[in-house]
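Undergrad: this one's structure only:
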């Protein structure tokens with residue numbers, strides 16, 4: 001059963017649309033966010049979000065992944081493109097940050113493209129990325145933690 005609400009135009013919006021709209025209203029920091037662009041010739045059929053890691057961790061993540069999609073970077077962070085809603089039921093380990101809509105803080109230029117995969121899809125698979133970050137940060141994956149009442 002879908003939960004929905006009516007928009008101003010009278011259209012019914014599904015819960016996933018409402019969640020996405022709510023996320024779009026949130027902007028990191030005080031500056032207008034910047035969207036990481038999908039490179040020319042690539043498509044993003046599942047939408048795009050991004051996971052940021054400190055730049056010092058970026059090179060350590062690469063060899064732990066079976067497939068790497070588009071990776072953007074600047075002096076402070078590396079940004080990994082993942083399908084939309086890759087944060088569903090996951091708590092990404094600190095110091096990683098999840099950016100819905102692939103929106104990054106906008107105080108300077110868009111981070112540069114560091115790596116582009118050979119195909120037409122920009123995604124890094126989120127579960128291997130999550131596990132690699134858990135390993136590097138010493139965090140137990142969410143599904144392996146004890147459940148408390």
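TA: Arrived safely, thanks for sending. Fair warning: this is a prediction, and the values are worked out from it, not measured in the lab. Numbers count the residues shown, from 1 in each chain.
Undergrad: got a list of what the residue sitting nearest the centre point of the chain touches?
TA: Most central in the chain under Cα atoms, centre = their mean is residue 50, positioned 2.4 Å from the mean C-alpha point. Residues counted as contacts of residue 50 (Cβ atoms under 8 Å, 6 or more residues apart in numbering) are 36, 72, 79-82, 98-99, 102-104. Where C-beta positions appear, they are placed from N, C-alpha and C, glycine not excepted.
Undergrad: Can you list the strands that the helix or strand hosting it pairs with?
TA: Here residue 50 sits within strand 49-54, counting by DSSP states H and E. Partner strands for strand 49-54, per DSSP bridges, with pairing direction: strand 77-82 (antiparallel), strand 97-99 (antiparallel).
Undergrad: May I ask which of the contacts of residue 50 has the most neighbours?
TA: Each of the contacts of residue 50 was scored by neighbour count (other Cβ atoms under 10 Å); the top score is that of residue 80, with 33 neighbours.
Undergrad: Now do the contacts for that one.
TA: Taking Cβ under 8 Å, 6+ apart, we find residue 80 in contact with 50-53, 61, 68-71, 124, 129.
Undergrad: what pLDDT does the residue nearest to the centre of the chain get?
TA: Residue 50 carries a pLDDT score of 97 in this model.
Undergrad: got it, and the one 10 residues further on?
TA: Per-residue pLDDT puts residue 60 at 97.
Undergrad: Taking the contacts of residue 80 together, which two end up most distant?
TA: By the measure Cβ to Cβ, 52 and 68 form the most distant pair in the contacts of residue 80, at 15.3 Å.
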